[in-house]
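S.K.: pasting the sequence and the predicted model now:
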Amino acid sequence: MFTLSPTPCSLNSWKVPDILRRKTGERLLILNWMASTVSLGKETLLEDGMPPAKKPRKLLPSLKTKKPRELVLVIGTGISAAVAPQVPALKSWKGLIQALLDAAIDFDLLEDEESKRFQKCLHEDKNLVHVAHDLIQKLSPRTSNVRSTFFKDCLYEVFDDLESKMEDSGKQLLQSVLHLMENGALVLTTNFDNLLELYAAHQGKHLESLDLTDEKKVLEWAQEKRKLSVLHIHGVYTNPSGIVLHPAGYQNVLRNTEVMREIQKLYENKSFLFLGCGWTVDDTTFQALFLEAVKHKSDLEHFMLVRRGDVDEFKKLRENMLDKGIKVISYGEEYADLPEYFERLTSEIAMRGRTGVPKEGQQLNGSATAHAEIKANNAKASRQEPRRSTLPAFSSHS
């Protein structure tokens with residue numbers, strides 16, 4: 001082990017990059033620099049012992065040059081899981097079905113044999129959409145055309161008090177989404193939760209939740225007349241009667257040629273940005289709405305942000321998505337890299353939406369301004385105490 005000698009010494013006789021030189025009868029450790037960093041192997045530590053910040057990942061030019069009104073944001077389970085990671089039902093289809101099943105058991109809504117059958121199907125990874133459909137049907141028996149409220153009760157139990165379970169990094173993601181919405185981007189989601197709407201309400205802004213049972217509103221959304229609305233293509237838990245798990249559940253929309261034409265025009269004329277989605281394009285509902293009637297998909301330009309993770313899986317996903325006109329982009333190696341990356345991306349895009357394509361030398365200032373706005377909103381949100389969300393009253397016709 002080397003120790004610092006109190007003996008004063010001169011660096012004049014030392015040759016850079018030599019760090020260490022011995023003199024007879026004594027050992028000296030000479031450092032070229034001590035003020036800011038100490039090099040240890042491949043890692044450089046700052047004075048306070050913390051590693052330096054990661055170098056920001058570059059933003060893809062073809063994405064960062066988009067304007068908000070040119071984008072449709074597609075929010076998947078990965079975003080909800082990042083916002084409220086302590087809620088298992090938000091992480092996956094399997095997690096949601098298990099949470100509904102647990103609630104049904106707690107409320108004595110299933111016989112032992114039925115409970116075991118559903119658990120067995122989950123354990124064996126049977127077709128989860130079919131399992132969910134069967135469970136919903138079991139919890140929603142019809143008697144004289146009056147739907148039981150047990151399914152609603154289970155949904156509210158599963159999604160109770162979401163607002164208090166949001167984490168700051170998740171709020172940062174939601175703030176970025178909200179910022180793009182306010183600048184003209186459309187938003188749709190495959191999720192049943194209303195985390196984005198709850199967050200917006202906490203910021204004093206109202207977002208409307210839409211589902212496919214109201215074709216008039218869906219048409220207006222596709223025509224960009226309801227920009228501050230979130231389209232839940234599977235439905236939202238606050239309106240259980242609008243929850244659909246299969247295209248057969250919204251034939252009214254599929255058969256409405258005007259609505260379908262407007263919806264498909266979005267996929268042809270705008271750029272979809274998939275967030276926390278993974279294989280959302282394989283979702284039967286998404287395919288029925290956007291993909292089946294759209295030709296020459298490989299000529300389109302859509303984007304998907306994913307964690308790089310396993311290199312082979314990343315390459316496989318990228319190759320598969322290119323055939324659908326989707327560029328797969330890595331935001332980093334860790335899930336925790338997404339909020340900062342998306343915030344920077346949002347700042348760039350929102351700035352262009354306000355000023356158009358910036359002249360040389362203007363981009364940094366414009367981006368910094370937008371970035372500062374989002375930072376300020378995030379700081380404000382983190383200082384505010386979360387309120388318990390109030391569950392809406394059950395509607396008599398649901």
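M.R.: Received the coordinates, thanks.

S.K.: pLDDT below threshold where in this structure?
M.R.: Scanning the chain for pLDDT under 70 picks out 1-54, 126, 142-148, 246-247, 279, 353, 355-398.

S.K.: and if we set it to 50?
M.R.: By pLDDT under 50, the low-scoring segments of the chain are 1-43, 145-146, 357-370, 385-398.

S.K.: need the residue closest to the centroid of it.
M.R.: Centroid check for the chain by C-alpha atoms, centre = their mean gives residue 79 as the closest residue, at 2.6 Å.

S.K.: quick check: it touching residue 173?
M.R.: Yes - here residue 79 reaches residue 173: they are 6.0 Å apart, a contact under C-beta atoms under 8 Å. Where C-beta positions appear, they are placed from N, C-alpha and C, glycine not excepted.

S.K.: what sits in contact with each of those two?
M.R.: residue 275 (C-beta atoms under 8 Å, 6 or more residues apart in numbering).

S.K.: please name every helix or strand in contact with the strand or helix carrying residue 330.
M.R.: Residue 330 belongs to strand 326-332 when assigned by DSSP states H and E. Judged by 3 or more C-beta pairs under 8 Å, 6 or more residues apart in numbering; DSSP states H and E, the packing partners of strand 326-332 are helix 61-64, strand 302-307, helix 311-322, helix 338-355.

S.K.: make a markdown table out of these and add distance to residue 211 and mean neighbour count.
M.R.: Output for these, formatted as a markdown table (distance: least, C-beta to C-beta, whole Å; neighbours: other C-beta atoms under 10 Å):
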| stretch | distance to residue 211 | mean neighbour count |
| --- | --- | --- |
| helix 61-64 | 29 | 14 |
| strand 302-307 | 23 | 22 |
| helix 311-322 | 27 | 13 |
| helix 338-355 | 26 | 22 |
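
S.K.: nearest to residue 282, out of the ones you listed?
M.R.: Closest to residue 282 of the helices and strands packed on strand 326-332 is helix 311-322 (C-beta to C-beta; 9.5 Å).

S.K.: chain center to that closest one, what's the gap?
M.R.: 19 Å (C-alpha atoms, centre = their mean, to the nearest Å).

S.K.: do the same with stretch 73-92
M.R.: Worked out by C-alpha atoms, centre = their mean, stretch 73-92 lies 7 Å from the chain centre.

S.K.: end-to-end on that stretch?
M.R.: 19 Å (C-alpha to C-alpha, to the nearest Å).

S.K.: for residue 178, grab the count of nearby residues.
M.R.: 24 (other C-beta atoms under 10 Å).

S.K.: so who does it touch?
M.R.: Contacts of residue 178 by C-beta under 8 Å, 6+ apart are 196, 199-200, 203, 205, 207.

S.K.: what of residue 185?
M.R.: 68-69, 71-73, 227.

S.K.: just the buried ones from the residues you listed, in ChimeraX syntax?
M.R.: The ChimeraX selection below is limited to those of the contacts of residue 185 classed as buried (16 or more other C-beta atoms under 10 Å):
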select :68,71,72,73,227
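
S.K.: could you redo the contacts of residue 185 as TSV and give each row distance to residue 61 and secondary structure?
M.R.: Written out in TSV, the entries for the contacts of residue 185 read as follows (distance: C-beta to C-beta, whole Å; DSSP: H, G, I helix; E, B strand; the rest coil):
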residue	distance to residue 61	secondary structure
68	17	helix
69	19	helix
71	15	strand
72	20	strand
73	19	strand
227	26	coil
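
S.K.: make a markdown table out of the contacts of residue 185 and add distance to residue 252.
M.R.: Listed next are the contacts of residue 185 as a markdown table, based on distance: C-beta to C-beta, whole Å:
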| residue | distance to residue 252 |
| --- | --- |
| 68 | 30 |
| 69 | 28 |
| 71 | 28 |
| 72 | 22 |
| 73 | 25 |
| 227 | 23 |
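
S.K.: out of the contacts of residue 185, which is nearest to residue 158?
M.R.: Closest to residue 158, out of all of those and judged by C-beta to C-beta, is residue 73, at 24.5 Å.

S.K.: measure the closest one to residue 343 for me?
M.R.: 14 Å (C-beta to C-beta, to the nearest Å).

S.K.: do residue 232 as well
M.R.: Distance from residue 232 to residue 343, by C-beta to C-beta: 24 Å.

S.K.: same deal with residue 349?
M.R.: 11 Å.

S.K.: hey, where'd the strands end up in the stretch 101-250 of the chain?
M.R.: Counting by DSSP state E, counting those that start in this stretch, the stretch 101-250 of the chain has strands at residues 142-143, 146-147, 186-189, 208-211, 229-232.

S.K.: so how far is the fourth one from its chain's centroid?
M.R.: The offset between the C-alpha centroid of strand 208-211 and the centroid of the whole chain comes to 18 Å, using C-alpha atoms, centre = their mean.

S.K.: packing partners for that strand?
M.R.: Looks like strand 208-211 contacts helix 215-222, strand 229-232 (3+ C-beta pairs under 8 Å, 6+ apart).

S.K.: right, and residue 321 touches residue 281 too?
M.R.: Yes - between residue 321 and residue 281 a contact is recorded at 7.3 Å, counting by C-beta under 8 Å.

S.K.: could you dump the helices and strands packed on strand 326-332 into a markdown table with distance to residue 294 added?
M.R.: Converted to a markdown table, the helices and strands packed on strand 326-332 look like this (distance: least, C-beta to C-beta, whole Å):
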| stretch | distance to residue 294 |
| --- | --- |
| helix 61-64 | 20 |
| strand 302-307 | 11 |
| helix 311-322 | 15 |
| helix 338-355 | 24 |
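
S.K.: wait, which of the ones you listed is closest to residue 89?
M.R.: That would be helix 338-355 among the helices and strands packed on strand 326-332, by C-beta to C-beta, at 20.7 Å.
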